[in-house]
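Enquirer: Give me a 3D structure for the following:
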Amino acid sequence: MASSTSSPSSSSANNLRILVERNPPESKLSELNIKCWPKWGCPPGKYQLKFDAEETCYLVKGKVKVYPRGSSSSSSSSSSSSSSSSSEDQFVEFGAGDLVIIPKGLSCTWDVSVAVDKYYKFESSPSS
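Expert: All right, here's what the predicted structure looks like:
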């Protein structure tokens, strides 16, 4: 049993990418049956969130900047101290009309500048 399922070469922080589809066609929204999903909303502010499952959401209203946590490499940052490549500058912005897929395992800060109203759905991954 020499084969291992975990590959130490791939850093999990780099794999946690938020996918944003700007203004998806109405046909895709109907296909996903978004109007039947639960709704969630929040006022402007900063929120610490951890996603234990992959979430697909469609923003009806709002504007958000998401700052992923755990993407900073504090041990190797001494080699090049360029302020422009700081992990604080890495954010994903999305808003009303966007279809967003947030990966499982992501810890992040939501900086909500315009109150959010969204439909959402968590992927239920069957544990075998």
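Enquirer: For the rest of this, base every contact and every neighbour count on C-alpha atoms.
Expert: Noted.
Enquirer: can you give me the strands for the chain?
Expert: Using DSSP state E, the strands of the chain run over 19-22, 39-42, 45-50, 55-68, 92-95, 98-102, 107-122.
Enquirer: who does the fifth one touch, helix- and strand-wise?
Expert: In this structure, strand 92-95 makes packing contacts with strand 55-68, judged by 3 or more CA pairs under 8 Å, 6 or more residues apart in numbering; DSSP states H and E.
Enquirer: Could you list the paired strands of the strand it packs on along with their orientation?
Expert: strand 92-95 (antiparallel), strand 98-102 (antiparallel), strand 107-122 (antiparallel) (DSSP bridges).
Enquirer: Could you export that strand as PDB, keeping only the C-alpha atoms?
Expert: Extracted in PDB, the C-alpha atoms of strand 55-68 (Å, rounded to 0.1, in the frame of the first residue of the first chain):
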ATOM      1  CA  GLU A  55     -22.000  26.900  -2.000                       C
ATOM      2  CA  THR A  56     -23.600  28.200  -5.200                       C
ATOM      3  CA  CYS A  57     -25.400  31.500  -4.800                       C
ATOM      4  CA  TYR A  58     -27.100  34.100  -7.000                       C
ATOM      5  CA  LEU A  59     -27.100  37.700  -5.800                       C
ATOM      6  CA  VAL A  60     -30.300  39.500  -6.300                       C
ATOM      7  CA  LYS A  61     -29.000  42.700  -4.500                       C
ATOM      8  CA  GLY A  62     -25.800  43.700  -2.900                       C
ATOM      9  CA  LYS A  63     -22.000  44.200  -3.400                       C
ATOM     10  CA  VAL A  64     -19.400  42.200  -1.700                       C
ATOM     11  CA  LYS A  65     -15.600  41.900  -1.600                       C
ATOM     12  CA  VAL A  66     -14.400  38.600  -0.300                       C
ATOM     13  CA  TYR A  67     -10.900  38.300   1.200                       C
ATOM     14  CA  PRO A  68      -9.800  34.700   1.500                       C
END
